[in-house]
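Novice: Pasting a predicted model and its sequence here:
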Amino acid sequence: MSKLAPQDKFLDLSDYGRPIGNFIANQLKNTRFTPIHVTLVFGVSGLIAIYFILINQYLLAGFFIILKSIIDAADGELARLKNTPSYTGRYLDSVFDIILNFLFLMTICYVSNTSIWLTLLAFIGIQLQGTLYNYYYVILRNKSVGGDTTSKIFENKSPRALPGERQKSVDILFFIYTIVYGAFDKIIHLLDNDAYKVKTFPNWFMTLVSLYGLGFQLLIIAIMLPLQLIEYIVPFFIAYTGLIFALIGIRKLVFKV
């Protein structure tokens, strides 16, 4: 099952890990490895990247950050290959992402002696960037014929567990998800609360929005680290957040409800 109908597929700049992720998923489809196992592995890859940042091995840190993005693409693909969609996996993946994002930036803050307040501002910015990308992407997926609807446009209540997962696990992870993402979702919805009424988004617009996808954000960090630009990472993402208003402005001017 594809996330999007063929006519809605676009060049996702944040999804560069998909080809290798698909290869990994295909190698695992007939094994006992589950998508959640893959999610745990990408978490380990992120922690290894943090370790290498701490010891100033930035090239290796960048490698494991990109590896994390590649493995992150494999868990969802494995779920599709095994035909085992899961809200547990969907929420666990998202919770791991935000925890690793916070740890990446706090580690960069520590190593580069950047202000913790600026770092927290950069973290908020990164999360708002990613939320805007996910908001538009989930709208597209839900409106795409035959698209993946595991993710909802508005996450208001815990969904009913799918076959093979426990409702209690879904409820707990949904509660954690709403705590860590709820404020960011509300801010983006407030800034563009009519976006879900649009029939669809053209491919070029979604490619532009994918500059805010997590994979692309991590790619920027992975490139800046070995270039010895670690002290500029936090200021960059603070400034990069300004693009949110440009993207929302384009959406409202070009794709009116």
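Specialist: Structure received.

Novice: Let me know the next secondary structure element after the longest helix along the chain.
Specialist: With secondary structure taken from DSSP state H, the chain has its longest helix at helix 116-143. Downstream of helix 116-143, the first helix or strand assigned by DSSP states H and E is helix 167-191.

Novice: Does anything pack onto the helix or strand following that next one? Which helices or strands?
Specialist: Using DSSP H and E, the helix or strand that follows helix 167-191 in sequence is helix 203-209. Packing contacts for helix 203-209, counted by 3 or more Cβ pairs under 8 Å, 6 or more residues apart in numbering; DSSP states H and E, involve helix 116-143, helix 243-254. In short, each C-beta sits where N, CA and C put it, glycine included.

Novice: So which elements touch the longest one?
Specialist: This points to helix 116-143. In terms of contacts (3+ Cβ pairs under 8 Å, 6+ apart), helix 116-143 is packed against helix 87-112, helix 167-191, helix 203-209, helix 214-224, helix 230-240, helix 243-254.

Novice: Now do the buried residues in that helix.
Specialist: Judged by neighbour count using 16 or more other Cβ atoms under 10 Å, the buried positions of helix 116-143 are 119, 121-141, 143.

Novice: same check, this time on the last one
Specialist: Burial within helix 243-254, assessed by neighbour count using 16+ other Cβ under 10 Å, is assigned to 243-244, 247-248, 251.

Novice: got it, and stretch 14-22?
Specialist: Buried residues in stretch 14-22, counted by 16+ other Cβ under 10 Å: 14-18, 20-22.

Novice: With secondary structure and distance to Gly89 as extra columns, can I get those residues in a markdown table?
Specialist: Below are those laid out as a markdown table (DSSP: H, G, I helix; E, B strand; the rest coil; distance: Cβ to Cβ, whole Å):
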| residue | secondary structure | distance to Gly89 |
| --- | --- | --- |
| Ser14 | coil | 19 |
| Asp15 | coil | 18 |
| Tyr16 | coil | 22 |
| Gly17 | coil | 17 |
| Arg18 | helix | 17 |
| Ile20 | helix | 19 |
| Gly21 | helix | 14 |
| Asn22 | helix | 17 |
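
Novice: Show the contacting residues for Asp72.
Specialist: 17, 21, 39, 42, 93, 97, 214-215 (Cβ atoms under 8 Å, 6 or more residues apart in numbering).

Novice: Quickly find the element holding it.
Specialist: helix 58-81.

Novice: Report the angle between that helix and helix 230-240.
Specialist: Orientation of helix 58-81 against helix 230-240 (axes from the mean of the first three to the mean of the last three Cα atoms, to 10 degrees) gives an angle of 50 degrees.

Novice: Which parts of helix 58-81 count as buried, going by neighbours?
Specialist: Going by neighbour count (16+ other Cβ under 10 Å), the buried part of helix 58-81 is 58, 60-81.

Novice: Equivalent analysis for stretch 224-235, please.
Specialist: For stretch 224-235, burial by neighbour count (16+ other Cβ under 10 Å) applies to 224-225, 230, 233-234.
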